[in-house]
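Engineer: Coordinates for the following, if possible.
(chains A and B, ligands or ions: 6)
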Amino acid sequence: MSAKCNALVCLGTGCQSGGAEEVLSSLKEEIDRLSLGETVQVKQTGCHGFCQRGPLVVIEPEGIFYSKVSLDDVSEIAKSLLPGEPPVDRLFYREPATDTPLPHYMEIPFYSKQQRTILRNCGHIDPEEIEEYLAAGGYQTIKKVLLGMSREEVIDEIKRSGLRGLGGAGFPTGRKWEVCYKAQGPKKYVICNGDEGDPGAFQDRSVMEGTPHSVLEGMMIAAYAIGAQQGYIYVRAEYPLAVKRLRIAISQAKQKGFLGKDILGSGFDFKIALFQGAGAFVCGEETALIASVEGFRGMPRLRPPFPAESGMEGKPTIIDNVKTLASIPVIIDQGAESFARVGTEKSKGTVVFALTGKVENNGLIEVPMGMTLREIIFDIGGGIPDGKTFKAVQTGGPSGGCLPESALDMPVDFDSLKAAGSMMGSGGLVVMDEDTCMVDLARYFLDFTQRESCGQCTPCRLGTKQLFDILNDITKGQGRPEDIDLLLEISEAVSTHSLCALGKTAPNPVITTIRYFRDEYEAHINEKRCPTGVCGMLET
Amino acid sequence: MSKVTLTIDGLDVEAEKETTILRAALDNDIYIPHLCYHPELSPSGICRLCMVNADGEVVMSCQTPVDQGMVVKTKDPEIDRLRRTSIEILVANHHASCRGCPGSGPCALQKIMAYIRIDRKRVRRLRLPEEDLPKDQSNPYFDYDPNHCVLCNICVQTCEKIQGALHVIGRGIRTQIAFYGNNADCQSCMECVARCPVGALTAKESRSTHG
Ligand SMILES: Cc1cc2nc3c(=O)[nH]c(=O)nc-3n(C[C@H](O)[C@H](O)[C@H](O)COP(=O)(O)O)c2cc1C
Ligand code: SF4
Ligand code: SF4
Ligand code: SF4
Ligand code: FES
Ligand code: FES
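Structural biologist: Ligands and ions are numbered 1, 2, ... in the order given. Model (predicted):
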């Protein structure tokens, strides 16, 4: 092993649940015991994305990647760090198909096809040490902005980058900022949306845990551009580690003078407070989120007015997703043109997905916009496990659509997903194999949305319940011949007339499963048969 | 305030500039189905039934301001089709027949059903609720029947300005109006009962009310 190295132990939520904390402390002890303290630095990091293989230990600069590390492996890893010792090959990642060991991070297909921009620091720096963020070039862009760019120049830069919001709707970020910049009023707010209520999602959590300072820096730049003095980070109370690391980051940033009064002598004042939401899924919707920060029941409000004009307490408010904000320093650093070189014509930069379901490699990935679903699922994801075949992929969380095999070669971006009947959402990507019943799947998602509807508006409250009840009947063999048309009719009413995007998107799983897998509906209804055998009670 | 002229269903209508399409229509005796609009309250836009076609676009009339030269159609096949489904869903979930309902007569839902000529056969395609929900009779002056409630929020918005004794609770299909044990706060002004567009809030029979 080389003279000086870092042993990085992932302390993301996933690896912690596998015992990474014990691995970290024991590795520190071992390194001390072997008197390697001078040459080996043992550090904690945020999530690398490959939580499924955790706990992970990475040795840098070589990039040696140890997976599924347990307490029993620690002394061997420590010993391998002695000069001249070989690495511990039994802990290498092995390619599932061929069993070939792949010692290095970047040889593993899960990583080699990724382009980690938003996640660039995740897994490489200690998120609880501002010094590490600074050493990685952090807080350079807020300096650049405060000391050398006008507010208009910042907005122009973000506009030219083509960045679109990564929280759901894909609205152009620069345009939103411009509206807020132009809105009148001395008091404005920046809110970071870290609610992440989609079941199973962990994209935003990983960013907040793995590189909290990137989020703060993005918020600072946003605040400067629009003229806000106060920021809020809305984070789920169920994310204790993210809360802890954001707290540490805020206090360290204050100490270093990046937050507070007259930041870097520029005259710009900005504070950030944490708001812990214990709210429902709908609280992630921007107007509901604002209502909940204001102390009201988290229910969406009519738009217009949009928050950028009248948001928190009626003041102009920018509300952006965690990943959107973490992209801002990258744009300021690289320049808009360089950022816009990645991606498709109308969707620039990269996108973070939580790749889950029936796919060999589960985890958090970041890819350029425009990569095909096939590359994501089969190259990065390693394909479908247990020799099964691919059936469908659902993107965008519980309101996303289910896309079939024929969509696999579609380049993934905001618009192509939408055209196919799905959406980018906040970056959920669930793979389904041949054993999945598509009617049952639609029923599952509608069960979620009908329960999470805030209950305010008629089409969403009652329409999603009707959709669920009908799907439920169909899976029980009680479907009626007219039900497919009825589902489509209700779906149209719900998606066109609901007040907020929860209702507007909730029918997507129904519409797409009918569009792409209609024969399964017909089998359930007409033959009382579930082709996959999931809805068992049917066969009579 | 300045006035604008628009046409609604071919009729020239004059309205104040900031007025909504719904208000301009109702002021001119043109009916548009609606449940959550009340002239004294700011529009909440939650019943989603008041759609019209304004200059070729389907919009909610209670939240869309009038404009000079605007052409509004309150009926067309597309509107009828989309609105019909929402109304049918509402009716299917309305665990009640109008016969003997305390709201019958001035009931806004009855009026809507008559207006669109509700087709009971189409309603029966939908799934009907299995059971009646229990009434809340804990308020000393009036009762709340969730089976009749269309969740227009008018009562809550009304009381917000008076006493704040009414609240929305629950989510999804379980959403309801509740007193939250705040009955002591209720001033028995009966404004909520008077404004309830259906028969969900009704005065207790034995008590005399303040009108
Ligand atoms: C039901 C619902 C839930 C949402 N949840 C989230 C969420 O958890 N995080 C998020 O960033 N945006 C969420 N959104 C989208 C927000 O309303 C908003 O569009 C987003 O925060 C804007 O940020 P962006 O421009 O960076 O995407 C949700 C929207 C809806 C309708
Ligand atoms: S669409 Fe659904 S979640 Fe959104 S306001 Fe209406 S009832 Fe609430
Ligand atoms: S009677 Fe008056 S005070 Fe009592 S709940 Fe109704 S509106 Fe509020
Ligand atoms: S009780 Fe009446 S006024 Fe109140 S929400 Fe229900 S229908 Fe509307
Ligand atoms: S938590 Fe360690 S890789 Fe995700
Ligand atoms: S009257 Fe317009 S939404 Fe209810």
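Engineer: Ligand 1 contacts on the stretch 151-300 of chain A?
Structural biologist: For the stretch 151-300 of chain A, the contact set with ligand 1 under Cβ under 6 Å from any ligand atom comprises A:165-169, A:171, A:173, A:193, A:195-197, A:281-282, A:284-286. (Glycine included, C-beta is placed from N, CA and C.)
Engineer: where does chain B have low pLDDT?
Structural biologist: B:1, B:96, B:104, B:181-182, B:206-211 (pLDDT under 70).
Engineer: could you redo the last one with a cut-off of 90?
Structural biologist: B:1-2, B:18, B:82, B:94-106, B:128-133, B:138, B:161-164, B:179-188, B:204-211 (pLDDT under 90).
Engineer: can you map out the helices along it?
Structural biologist: Remark: helices assigned in chain B by DSSP state H are B:21-27, B:77-92, B:108-116, B:120-123, B:154-160, B:191-195.
Engineer: Reformat those helices into TSV and put distance to chain A next to each item.
Structural biologist: Formatted as TSV, those follow (distance: least, Cβ to the nearest Cβ, whole Å):
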stretch	distance to chain A
helix B:21-27	14
helix B:77-92	4
helix B:108-116	11
helix B:120-123	9
helix B:154-160	10
helix B:191-195	18
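Engineer: Setting the sequence-adjacent residues aside, check what's closest to A:Leu325.
Structural biologist: A:Gly218 (3.3 Å; Cβ to Cβ, 6 or more residues apart in numbering or on different chains).
Engineer: Then A:Val351?
Structural biologist: A:Met369 (5.6 Å).
Engineer: same deal with A:Leu499?
Structural biologist: Nearest to A:Leu499 is A:Cys457, by Cβ to Cβ, 6+ apart, at 4.3 Å.
Engineer: helix or strand for A:Phe65, which one?
Structural biologist: strand A:64-66 (DSSP states H and E).
Engineer: distance between that strand and the chain's centre?
Structural biologist: 24 Å (Cα atoms, centre = their mean, to the nearest Å).
Engineer: Now do the helix or strand that comes right after it, average pLDDT.
Structural biologist: As assigned by DSSP H and E, the chain's next helix or strand after strand A:64-66 is helix A:74-80. For helix A:74-80, mean pLDDT rounds to 96.
Engineer: domain ranges for chain B?
Structural biologist: Listed domain ranges for chain B are B:3-75, B:79-123, B:142-203 (source: automatic domain parsing).
Engineer: wait, does the second one contact ligand 6?
Structural biologist: What it means is domain B:79-123. No: shown here: domain B:79-123 not in contact with ligand 6 (Cβ under 6 Å from any ligand atom), separated by at least 9.9 Å.
Engineer: hang on, the earlier thing: go through the residues of the stretch 151-300 of chain A next to ligand 1 and name the one nearest ligand 4.
Structural biologist: A:Val282 (19.0 Å; Cβ to the nearest ligand atom).
Engineer: residues touching the residue lying closest to that closest one once chain neighbours are set aside, list them.
Structural biologist: Distances taken as Cβ to Cβ, 6+ apart put A:Cys454 closest to A:Val282, at 4.7 Å, once the chain neighbours are dropped. Applying Cβ atoms under 8 Å, 6 or more residues apart in numbering or on different chains, we find A:Cys454 in contact with A:Ala280, A:Val282, A:Ala288, A:Gly298, A:Met299, A:Pro300, A:Cys460, A:Cys500, A:Leu502, B:Arg171, B:Thr175.
Engineer: Just the buried ones out of these, please.
Structural biologist: By neighbour count, with 16 or more other Cβ atoms under 10 Å in any protein chain shown, the contacts of A:Cys454 hold A:Ala280, A:Val282, A:Ala288, A:Gly298, A:Met299, A:Pro300, A:Cys460, A:Cys500, A:Leu502, B:Arg171, B:Thr175 as buried.
Engineer: Tabulate those residues (CSV), appending distance to A:Val494 and secondary structure.
Structural biologist: Below are those laid out as CSV (distance: Cβ to Cβ, whole Å; DSSP: H, G, I helix; E, B strand; the rest coil):
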residue, distance to A:Val494, secondary structure
A:Ala280, 18, coil
A:Val282, 15, helix
A:Ala288, 18, helix
A:Gly298, 20, coil
A:Met299, 17, coil
A:Pro300, 15, coil
A:Cys460, 6, helix
A:Cys500, 12, coil
A:Leu502, 10, helix
B:Arg171, 16, coil
B:Thr175, 16, coil
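Engineer: Give me the neighbour count for residue 71.
Structural biologist: Since no chain was named, I'll use chain A. Using other Cβ atoms under 10 Å in any protein chain shown, A:Leu71 has 13 other residues around it.
Engineer: My question was about chain B, not that one.
Structural biologist: 14.
Engineer: and what of B:Leu35?
Structural biologist: B:Leu35, neighbours per other Cβ under 10 Å, totals 25.
Engineer: how much space between it and ligand 1?
Structural biologist: 23 Å (Cβ to the nearest ligand atom, to the nearest Å).
Engineer: The residue nearest to A:Val282: what secondary structure?
Structural biologist: In three-state terms, and counting by DSSP: H, G, I helix; E, B strand; the rest coil, A:Cys454 is coil.
Engineer: coming back round to it: settle this for me: the residue nearest to A:Leu499 is touching A:Gly503, isn't it.
Structural biologist: Yes: between A:Cys457 and A:Gly503 there is a contact under Cβ atoms under 8 Å: 6.5 Å.
Engineer: Please identify every residue contacting each of those two.
Structural biologist: A:His497.
Engineer: which bits of the stretch 251-400 of chain A sit near ligand 2?
Structural biologist: A:Val282, A:Pro300.
Engineer: Low-confidence stretches in the stretch 251-400 of chain A?
Structural biologist: A:278-280, A:304.
Engineer: any idea where the helices of it begin and end?
Structural biologist: A:286-293, A:322-334, A:336-340, A:373-374 (DSSP state H, counting those that start in this stretch).
Engineer: Those helices: which one's closest to A:Pro385?
Structural biologist: helix A:373-374 (16.5 Å; Cβ to Cβ).
Engineer: since we're on residue 117, how many residues are nearby?
Structural biologist: You didn't say which chain, so I picked chain A. 20.
Engineer: I was thinking of chain B, sorry if that wasn't clear
Structural biologist: 8.
Engineer: try the one 10 residues further on
Structural biologist: Residue neighbour count, defined by other Cβ under 10 Å, stands at 20 for B:Arg127.
Engineer: doesn't A:Leu462 make contact with it?
Structural biologist: No: contact criterion Cβ under 8 Å: B:Arg127 and A:Leu462 do not qualify, at 10.5 Å.
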